[in-house]
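Peer 1: Predicted model and sequence below, questions to follow.
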Amino acid sequence: MKPPVGVYVVDLSSGRVGMVMGHEGPYVQLRPHGGGREWDADPGAVRHATPAERLRAATAYANARSRGEVP
């Protein structure tokens, strides 16, 4: 599965939620909610994120930002 750019997916190997930024070689490039360092994931090991998973990622980012842990 090569998900389209702009959708949120769950990387099953790490459990992280990320937005698809592109496809490079055999990998899907993901970026965490709110920005940050991209990582590569195996397209066979990702699935679309549920609304609850997207909300959890957004909440975690907002909480980290309020604590001054992210810019």
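Peer 2: Yep, that arrived.

Peer 1: Which parts of the protein are helices?
Peer 2: Residue ranges of the helices in the chain, as given by DSSP state H, are 51-66.

Peer 1: Mind listing the residues bridging to residue 32?
Peer 2: Beta-bridge partners recorded for residue 32 (DSSP bridges): residue 18.

Peer 1: ok, now which ones touch it?
Peer 2: Contact analysis of residue 32 by C-beta atoms under 8 Å, 6 or more residues apart in numbering lists 16-19, 57, 61. All C-beta atoms are positioned from the backbone trio N, CA, C, and that covers glycine.

Peer 1: That one and residue 16: what is the separation?
Peer 2: Residue 32 sits 7 Å away from residue 16, going by C-beta to C-beta, to the nearest Å.

Peer 1: residues contacting the most centrally placed residue in the chain?
Peer 2: The residue at the geometric middle of the chain, judged as the C-alpha nearest the mean C-alpha position with C-alpha atoms, centre = their mean, is residue 18 (0.5 Å). Residues touching residue 18, when contacts are defined by C-beta under 8 Å, 6+ apart, comprise 8-9, 11, 30-33, 39, 41.

Peer 1: okay if I get those as a markdown table plus pLDDT and distance to residue 47?
Peer 2: Formatted as a markdown table, the contacts of residue 18 follow (pLDDT from 0 to 100; distance: C-beta to C-beta, whole Å):
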| residue | pLDDT | distance to residue 47 |
| --- | --- | --- |
| 8 | 98 | 10 |
| 9 | 98 | 6 |
| 11 | 98 | 9 |
| 30 | 98 | 12 |
| 31 | 97 | 17 |
| 32 | 95 | 17 |
| 33 | 93 | 16 |
| 39 | 97 | 16 |
| 41 | 97 | 11 |
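
Peer 1: Quick check on those residues: which are buried?
Peer 2: 8-9, 11, 30, 32-33, 39, 41 (16 or more other C-beta atoms under 10 Å).
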